[in-house]
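Based on what follows, work out the 3D shape:
(chains A and B)
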Amino acid sequence: MNSNLFGYDHNDTWVHRLTGTSKLIFFILVSIIAMISYDYRFIFLVLLLSIFAFKQSQIKWSQIKFVVKLIVVFAVLNLVMVFVFSPNHGAALYGTRHVLINLGYFTITKEQLFYELNLGLKYLVTVPISLIFLITTNPSEFSSSLNKIGVSYRLSYSLSLSLRYIPDVQNDFKEISLAQQARGYEISKKGKLFSRLKGTTQILIPLILSSLDKIQTISQAMELRRFGKNKHRTWYMNRKFTKKDYGTILLSLFIVVIGILFMKMDGGRFYNPFV
Amino acid sequence: MTKTMIEFKNVTFRYNAQAEPTLKNINLQINEGEKVLVVGPSGSGKSTLGNLINGVIPENFRGDLSGEIYIDGENAKDMSIFDTSLKVGTLLQNSNDQFVGLTVAEDIAFGMENDCFDNQTMQTKVNQWSKKLSINNLLKQAPNSLSGGQKQRTGLAGLLVDDAPILLLDEPLAALDPMAGSESIQLLQELHNELKNTIIIIEHRLEESLTKDVDKIILMNDGEIVGIYNPAELLKQNILNQYGIREPLYIEALKSIGIDLNKLHDIDSVEAVDGPGVADRIEQVSAKAKSISKYNASADILSIKKLNFAYDKKVIFNNLNVDIQKGDMISLVGKNGVGKTTLSKLIVGFLQPDAGEITFNGDNLLNKSIKERADDIGYIMQDPDKMISKVMIYDEVALGLKLRHYPKEQIKEKVDHALKVCNLYPFRHWPISALSYGQKKRLTIASMLVLSPKLLILDEPTAGQDYYHYTEIMNFLSQLNQEQGLTMIFITHDMHLMAEYSTRTLVIGDQTILRDNTPEKVLDDEALLAKANLKRTSLSILAKRFNVNYNDFSNYLISKERDNQHE
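As a prediction, the model looks like this:
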């Protein structure tokens, strides 16, 4: 089913019951401030908080293990690459240089390690926040949430529509590809590389044509039901804000303020323990 | 005084892309509470008429429009498509493509959302209408997971919440199996009786859509209105076939046994039609019937043994066995979603079975690639757009031969021949985009025939075809079958098609072949028909009413029909 695209799990916890809008605001504000700050004390606080929320939303490891593994691999790869390309970045940033192991170009400094620790924490903190949003938000609420925070309803609706049509297009692609093979394009392993390539490109014309057809039909169907008539529209799946929603938004603002305070204290984005 | 809901005065419309007007000088008047069928062959302009009523023209299609159109008393010129949609609720042809909501409830509420209704009102109305259409237990489901009939109900509910006084349905039967189609028509009848709204149905399947409450039938041809009739009047006119509309089967039968239609009463209902001498004549011909020899059993061409197949965890086939003989003309029938298309896909290699054997002329098919299987087996998918990959008609048909490295002259000869038998030769230099749906379907048949397959599998070969093209395609296919011994399997919901053109019927159900018999025997088994979501034809209702054996009656008619064809 296409609603699984977002990984929505149809569970019922207080996190699930929050409106999509408040979760979206929390997600955006908190990840932005966590991205800006390089103060591990602050990021660590946010991490604790988001792990708490994560536990509360009762997400199971099996739901997320693929994504999490993927993210961890990329994060580690990224940290290694940062070290490979500029092993001296930490020292330059913090203005001091405490050598731990001297290896010439790849000399390891305390500053570099500290910098990469902050970086790693930042990656880590965004994982639970974004997963909470994706898994506990009903996809039906997605477009209305976007609309609530100021994105035009046409844009947000077309976004969620295109997500809805991805499985359809995948299906079409498969069918057309099979039909082309029946015509004589050998795409299976028995064919030569060139003819396989040529066969694959032949799928695109009918795929584009059938998708354009679909778009035309759907936009006609939408117009026939007055989509685009008014400047605003209401949303069936919209729910009233509860105290918890206001709480969530206040909390995210509070986190932003804390983050800014930490930056004031540090005199910039970076907390420097070396001076 | 009755109120006029729709009025056309001298309306002519020409699409910008076309040289000739698609609608010519249309005058018509539809009153409040009337139920109107618009019938006509493909290309007769009936869809264009619908698009003028709901405002899609001129909003989405540009062209020259002259004359005046009034919808519920207002001049359509002064109405936007949004204004019109509050008067005319439109259900588009393919309900699958018009879903906009992620769940049934959201889809029903879509129009109200755009009108900025508050949530309280929306919920009340969604509950009210979903209950009325018995889809209230499906509200949280994704529309894609519904059956054809449920999809249509969802679409209808989404229109009914608007309280529009006019409902316009474009080919509501197209995507439904016979049972679901008849339920849908019945539902419309109930709604009409209760709401007294104006209903316009555009259909070329007259028999299925003709119910007691139809007030008018507008017959269109070539952009013009041939006439506006009440049902009985139209059936007595005896002009339907000439305009590419299939007459109801029982009318065809009564005509064929020499009954004068003008002397009949209740001609528009198979349950009540009668007249002087009808009973005697039906009895007389049924007694005369000779059994028709159909089976020309010869060597097995395709043989399937112990086939198992499942999509993920959903078992489709469990130990399915069937042998198909050379020269068979097989109809494959069954409920929507029971695995008819899946079986075809397993044969041509689009899907791989979990267990079992498929052999073709003794060769194991399972080791062969799709391309290799396609040399012997032509598979024509339901949706022609999924098969077509070229821009020009000639190139499309030639593609399979080019890829098989035939010499140029031979390609030309074969392609020309295939185009001629499929009646597409005059269009050979046209772009494919200029073809109608039915023509595209014939094009895909042509591009398979050109490879001289030994077995042809056709998925709904006549879907979306009017009667003229239906007869043309089917006569052409049965000619191929008789002259060249080409074996054919067609997937169909059309009981006429099954009875008239196939020699053997395979009913699929319960994860296997539920029945393997002649079409007459299948049509005579009511329990089986109900199980497979099929419907008795009006012919068998007639036979029952007059107490004759259905097999005898239909055998008489079929052999008579064949004699006529041979002459």
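
Tell me who's in contact with the closest residue to B:Phe117 other than its chain neighbours.
Leaving aside its chain neighbours, B:Phe117 sits nearest to A:Thr234 (6.0 Å; criterion: Cβ to Cβ, 6 or more residues apart in numbering or on different chains). Using the backbone N, CA and C atoms, a C-beta is placed for each residue, glycine as well. Neighbouring residues of A:Thr234 by Cβ atoms under 8 Å, 6 or more residues apart in numbering or on different chains: B:Met112, B:Glu113, B:Cys116, B:Phe117, B:Asp118, B:Asn119, B:Met122.

Tabulate the residues you listed (TSV), appending neighbour count.
As requested, those are exported to TSV (neighbours: other Cβ atoms under 10 Å in any protein chain shown):
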residue	neighbour count
B:Met112	24
B:Glu113	27
B:Cys116	12
B:Phe117	19
B:Asp118	10
B:Asn119	17
B:Met122	25
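
quick one, what contacts the residue in the stretch 201-350 of chain B positioned nearest to chain A?
Closest residue of the stretch 201-350 of chain B to chain A, Cβ to the nearest Cβ: B:Phe350 (4.4 Å). By Cβ under 8 Å, 6+ apart, the contact set of B:Phe350 is A:Glu175, A:Leu178, A:Ala182, B:Ile370, B:Tyr379.

If we use 7 Å, what do you get?
B:Phe350 makes contacts with A:Leu178, B:Ile370, as judged by Cβ atoms under 7 Å, 6 or more residues apart in numbering or on different chains.

cool, B:Leu443 as well?
Applying Cβ under 7 Å, 6+ apart, the residues near B:Leu443 are B:Pro384, B:Ile388, B:Ile393, B:Glu396, B:Leu424, B:Ile432, B:Leu435.

how much space between the closest residue to the last one other than its chain neighbours and chain A?
So that's B:Leu435. Nearest residue to B:Leu435 in three dimensions, chain neighbours excluded: B:Leu443, at 6.5 Å (Cβ to Cβ, 6+ apart). Noted for B:Leu443: a distance of 13 Å to chain A, by Cβ to the nearest Cβ, to the nearest Å.

Assess the claim that B:Ile225 and B:Ile218 are in contact.
Yes: applying Cβ atoms under 7 Å as the test, B:Ile225 and B:Ile218 come out as touching, 6.0 Å apart.

what residues do these two have in common as contacts?
Shared contacts of B:Ile225 and B:Ile218, defined by Cβ under 7 Å, 6+ apart, comprise B:Leu28.

Next one, pLDDT for A:Leu5 please.
pLDDT recorded at A:Leu5 is 45.

got it, and B:Asn364?
So B:Asn364 comes in at 94 (pLDDT).

That one: how many residues sit nearby?
A count of nearby residues for B:Asn364, using other Cβ atoms under 10 Å in any protein chain shown, gives 10.

now swap in B:Cys422 and tell me
By the criterion of other Cβ under 10 Å, B:Cys422 has 22 neighbours.

show me the contacts for it.
B:Arg442, B:Ile445, B:Ala446.

and of these, the nearest to chain A?
If you rank those by distance to chain A using Cβ to the nearest Cβ, B:Ala446 comes first, at 12.5 Å.

Who are the packing partners of the helix or strand of chain A with the lowest mean pLDDT?
Ranked by mean pLDDT, DSSP states H and E, the weakest helix or strand in chain A is helix A:193-223, scoring a mean of 81. Packing partners of helix A:193-223 (3 or more Cβ pairs under 7 Å, 6 or more residues apart in numbering or on different chains; DSSP states H and E): helix A:153-183.

chain center to the helix it packs on: distance?
22 Å (Cα atoms, centre = their mean, to the nearest Å).

One more: stretch B:307-321?
Put simply, stretch B:307-321 sits 28 Å off its chain's centre (Cα atoms, centre = their mean).

and what of stretch B:178-186?
Worked out by Cα atoms, centre = their mean, stretch B:178-186 lies 13 Å from the chain centre.

What lies in contact with the worst-scoring helix or strand of chain B on mean pLDDT?
Ranking every helix and strand in chain B by mean pLDDT, DSSP H and E puts helix B:550-566 at the bottom, with a mean of 79. With contact meaning Cβ under 7 Å, 6+ apart, helix B:550-566 is reached by B:253, B:256, B:282, B:285-286, B:288-292, B:499-500, B:520, B:523-524, B:539-540, B:543.

Show me those residues that map onto helices.
Of these, the ones assigned to helices by DSSP state H are B:253, B:256, B:282, B:285-286, B:288, B:499-500, B:520, B:523, B:539-540, B:543.

With pLDDT added, can I get those residues in CSV?
Converted to CSV, those look like this (pLDDT from 0 to 100):
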residue, pLDDT
B:Ala253, 91
B:Ser256, 90
B:Ile282, 92
B:Val285, 90
B:Ser286, 88
B:Lys288, 82
B:Ala499, 85
B:Glu500, 84
B:Glu520, 85
B:Leu523, 87
B:Leu539, 88
B:Ser540, 85
B:Ala543, 90
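
Which among the residues you listed count as buried?
Among the ones in helices among the contacts of helix B:550-566, those classed as buried by 16 or more other Cβ atoms under 10 Å in any protein chain shown are B:Ala253, B:Ile282, B:Val285, B:Ser286, B:Ala499, B:Glu500, B:Glu520, B:Leu523, B:Leu539, B:Ser540, B:Ala543.

Using the three-state scheme, assign A:Gln112.
Three-state call for A:Gln112 (DSSP: H, G, I helix; E, B strand; the rest coil): helix.

Quick check: the residue of the stretch 401-550 of chain B nearest chain A.
Chain A sits closest to B:Leu403 of the stretch 401-550 of chain B, with a gap of 3.3 Å, by Cβ to the nearest Cβ.

Count the residues that sit near the closest residue to that residue other than its chain neighbours.
Excluding its sequence neighbours, the residue lying closest to B:Leu403 (Cβ to Cβ, 6+ apart) is A:Gly184, at 3.3 Å. Residues lying near A:Gly184 (other Cβ under 10 Å) number 20.

if we can go back for a sec, contacting residues for the residue of the stretch 401-550 of chain B closest to chain A?
Contacts of B:Leu403 (Cβ under 7 Å, 6+ apart): A:Arg183, A:Gly184, A:Tyr185.

out of the residues you listed, who's nearest B:Leu146?
A:Arg183 (32.8 Å; Cβ to Cβ).

Domain ranges for chain A, per the record?
Using automatic domain parsing, the domains assigned to chain A come out as A:13-138+A:240-266, A:148-223.

Lowest mean pLDDT across those, which one is that?
Among those, domain A:148-223 scores lowest, with a mean of 82.

Off-centre distance for that one?
The chain centroid and the centroid of domain A:148-223 are separated by 24 Å under Cα atoms, centre = their mean.

same deal with stretch B:230-245?
19 Å.

List the neighbours of that stretch that are in contact with it.
B:39-41, B:204, B:206, B:210, B:214-217, B:219, B:221, B:226, B:229, B:247, B:251, B:261-262, B:267-268, B:466-468.

Flag the shaky bits of chain B, pLDDT-wise.
Applying pLDDT under 70 to chain B flags the ranges B:1, B:95, B:291-297, B:565-567.

Okay, and the spatially most central residue of it sits in which element?
Nearest to the geometric centre of chain B sits B:Ala463, at 3.9 Å (Cα atoms, centre = their mean). Assigned by DSSP states H and E, B:Ala463 falls within no helix or strand.

if I read this right, it contacts B:Ile380, doesn't it?
No: counting by Cβ under 7 Å, B:Ala463 stays clear of B:Ile380, with 11.3 Å between them.

Can you tell me which residues in the stretch 201-350 of chain B are near chain A?
B:Val348, B:Phe350 (Cβ under 7 Å from any Cβ of the partner chain).

Do you have the helices of the stretch 201-350 of chain B handy? List them.
Remark: helices assigned in the stretch 201-350 of chain B by DSSP state H, counting those that start in this stretch are B:206-209, B:231-237, B:249-256, B:278-288, B:340-348.

Now tabulate those in a markdown table and tack on distance to A:Met81.
Converted to a markdown table, the helices of the stretch 201-350 of chain B look like this (distance: least, Cβ to Cβ, whole Å):
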| stretch | distance to A:Met81 |
| --- | --- |
| helix B:206-209 | 66 |
| helix B:231-237 | 77 |
| helix B:249-256 | 74 |
| helix B:278-288 | 86 |
| helix B:340-348 | 46 |
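
If anything else comes up later, I'll come back, but that's it for now.
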